[in-house]
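1. 3D, please:
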Amino acid sequence: MSGIGWAFQNIAVDVMVYDFGWYFSNVAAANNTATNTPADLWTYIGDTATRYSWGVSLNQTIQPPADMQPANGVPYGAWSISYRNAGISGATTNLINHVAAAGIFLRYDLSTLSTTFSLFVSNTIKTTSVSMDTSQFHYFTLKSDMRANPWLGQMWIDGVQVGGTESQANSAQATSYVNMTSGANAGITRPGIFGHMEAWTLWSDPAETVKWGTWIDVNEALATPPTVGTWTPSAGTNITAISGPFNAATYTRNAAPASGDRLDMGTSTGATTTIASLIGVTASTPVYNVTLRTWSQGGGQFAAAVLGDGAAETIGAYHLIDAVNTSGASIALDATPTGPAWTGADAPRGAYRLQ
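-> Numbers count the residues shown, from 1 in each chain. Predicted coordinates for the structure are as follows:
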């Protein structure tokens, strides 16, 4: 299986756009904000101090970054979000929208908080859910396939399929993109609340399995890291310079970069600080994927994110380091390089590597 996730942090909308590649139809700070108000969190029992959702204004379209879009633009895949609506309006909106010549999308009516969701395939309604309370969080999954005629789509809500695999005649498509649209009363500040987002490559991936997303921060330099090259923090240590929440004003710098140089970080100095201890779950809790994201500035070289479990690692795709920023260096692993699925007992390790 192959998936990549996004859990929101307490960062500004301009950072989301210019540093991490998101698109917002309205980028005003008044219309976008990270929120950790308890009612706005899609989360599990435990410490919520570092967990955030994203609140957006009425009928705003948001588009996730390139690594959460259809792979190579191919119009096929599955997308899941946690979402709640804080108010009502008289409009309908497409909550998850997979766009090609027409589209496959989940649409709902905003005239009441108790409303239904419908699956449209090639702009044709196919199946509709029972009425549900959208003021509470629900977990929505859209699976879509526009690679051939007919187009195919599935809708899942809270882990349960609504209808079957629905189809509609339309010509095969070669490219596509995915976005989401909020919708709620214009009199309520940022009424659409997104808890987290996931993108999955295959229909057979567990996109519909209800999950939660959160950040875990690098908080230790590894005890025996394979760090190569000289990395100088802007202040303090490498850990204090690059740990979250994201802040481009603090960083670590390689003044004489060379091929193969890398900076290694982890969640522990050994195997003691596990996912379980960092986010307050049990050691046996399944973890469906771990996504590592890096950010850099520079020019003329390529960099990649590296993710592993201490025994083995996988190097992600190399991206050209831009003079403005390179946030495309990310990698997601659904199982550790040594084979078994991630659990709360694992301690992920990551690196930023120059080609």
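2. tell me the secondary structure for the closest residue to Tyr288 other than its chain neighbours?
-> In this structure, Tyr288 finds its nearest non-sequential neighbour in Lys211, 5.7 Å apart by CB to CB, 6 or more residues apart in numbering. C-beta here means a position set from N, CA and C on the backbone, and glycine is covered the same way. At Lys211 the chain is in coil, as set by DSSP: H, G, I helix; E, B strand; the rest coil.
3. how about Lys211, what does it touch?
-> Going by CB atoms under 8 Å, 6 or more residues apart in numbering, Lys211 touches 80, 139, 198, 288.
4. mind redoing it with 10 Å?
-> Applying CB atoms under 10 Å, 6 or more residues apart in numbering to Lys211 gives the contacts 3, 5, 42, 80, 82, 139, 159, 196, 198, 286-289.
5. buried only: go through these for me.
-> For the contacts of Lys211, a burial check counting by 16 or more other CB atoms under 10 Å picks out 3, 5, 42, 80, 82, 139, 196, 198, 287-289.
6. distance to Asn179, secondary structure and pLDDT added to those, as TSV?
-> Converted to TSV, these look like this (distance: CB to CB, whole Å; DSSP: H, G, I helix; E, B strand; the rest coil; pLDDT from 0 to 100):
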residue	distance to Asn179	secondary structure	pLDDT
Gly3	18	strand	82
Gly5	17	strand	86
Trp42	19	coil	89
Ser80	14	strand	96
Ser82	17	strand	95
Tyr139	18	strand	96
His196	16	strand	92
Glu198	15	strand	93
Val287	27	strand	84
Tyr288	23	coil	84
Asn289	22	coil	82
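7. reformat the residues you listed as a markdown table; add distance to Lys126.
-> Shown next, in a markdown table, are the buried ones among the contacts of Lys211 (distance: CB to CB, whole Å):
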| residue | distance to Lys126 |
| --- | --- |
| Gly3 | 25 |
| Gly5 | 28 |
| Trp42 | 27 |
| Ser80 | 19 |
| Ser82 | 23 |
| Tyr139 | 20 |
| His196 | 26 |
| Glu198 | 23 |
| Val287 | 34 |
| Tyr288 | 28 |
| Asn289 | 29 |
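8. can you show me the helices along the protein?
-> For the chain, applying DSSP state H gives helices covering 13-18, 238-242, 275-279.
9. compare these and give me the one nearest Thr37.
-> Set against Thr37 and scored by CB to CB, the helices of the chain come closest in helix 13-18, at 17.5 Å.
10. what's in contact with that closest one?
-> 6, 8-9, 12, 22-24, 26-34, 54, 56, 62, 65, 245-248, 295, 324-325, 327.
11. from these, which land in strands?
-> Counted as lying in strands by DSSP state E, out of the contacts of helix 13-18, are 6, 23-24, 32-34, 54, 56, 62.
12. returning to that earlier point: and the gap between the residue nearest to Tyr288 and Val281?
-> 12 Å (CB to CB, to the nearest Å).
13. repeat for Thr134
-> To Val281, Thr134 is 28 Å away according to CB to CB.
14. please identify which of those two sits among more neighbours.
-> Taking other CB atoms under 10 Å, Thr134 and Val281 do not tie; Thr134 has more neighbours (26 against 20).
15. in this structure, what helix or strand scores lowest on average pLDDT?
-> Lowest by mean pLDDT, DSSP states H and E among the helices and strands of the chain is strand 330-333, with a mean of 66.
16. on that earlier part again, nearest to Phe105 among the ones in strands among the contacts of helix 13-18?
-> Nearest to Phe105 among the ones in strands among the contacts of helix 13-18, with distances taken as CB to CB, is Ile62, at 14.2 Å.
17. strands of the stretch 1-150 of the chain, start to end?
-> 3-7, 23-24, 32-35, 53-56, 61-63, 76-85, 92-99, 103-109, 114-115, 117-121, 124-128, 132-133, 138-145 (DSSP state E, counting those that start in this stretch).
18. pick out the shakiest of those strands, pLDDT-wise.
-> Ranked on mean pLDDT, the bottom entry among those is strand 114-115, at a mean of 79.
19. which residues of the stretch 101-250 of the chain score low on pLDDT?
-> Under the criterion pLDDT under 70, the flagged ranges of the stretch 101-250 of the chain are 110-113, 183-190, 219-226.
20. quick one on the thing from earlier: next one: the residue nearest to Tyr288 from Ser182, what distance?
-> For Lys211 relative to Ser182 (CB to CB), the value is 21 Å.
21. break the protein into its domains for me.
-> 3-200, 232-354 (automatic domain parsing).
22. in a markdown table: these, plus distance to Ile216.
-> Below are the domains of the chain laid out as a markdown table (distance: least, CB to CB, whole Å):
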| stretch | distance to Ile216 |
| --- | --- |
| domain 3-200 | 9 |
| domain 232-354 | 5 |
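23. for those domains, which one ends up most surrounded?
-> With neighbours taken as mean count of other CB atoms under 10 Å, these reach their highest mean count in domain 3-200, at a mean of 19.
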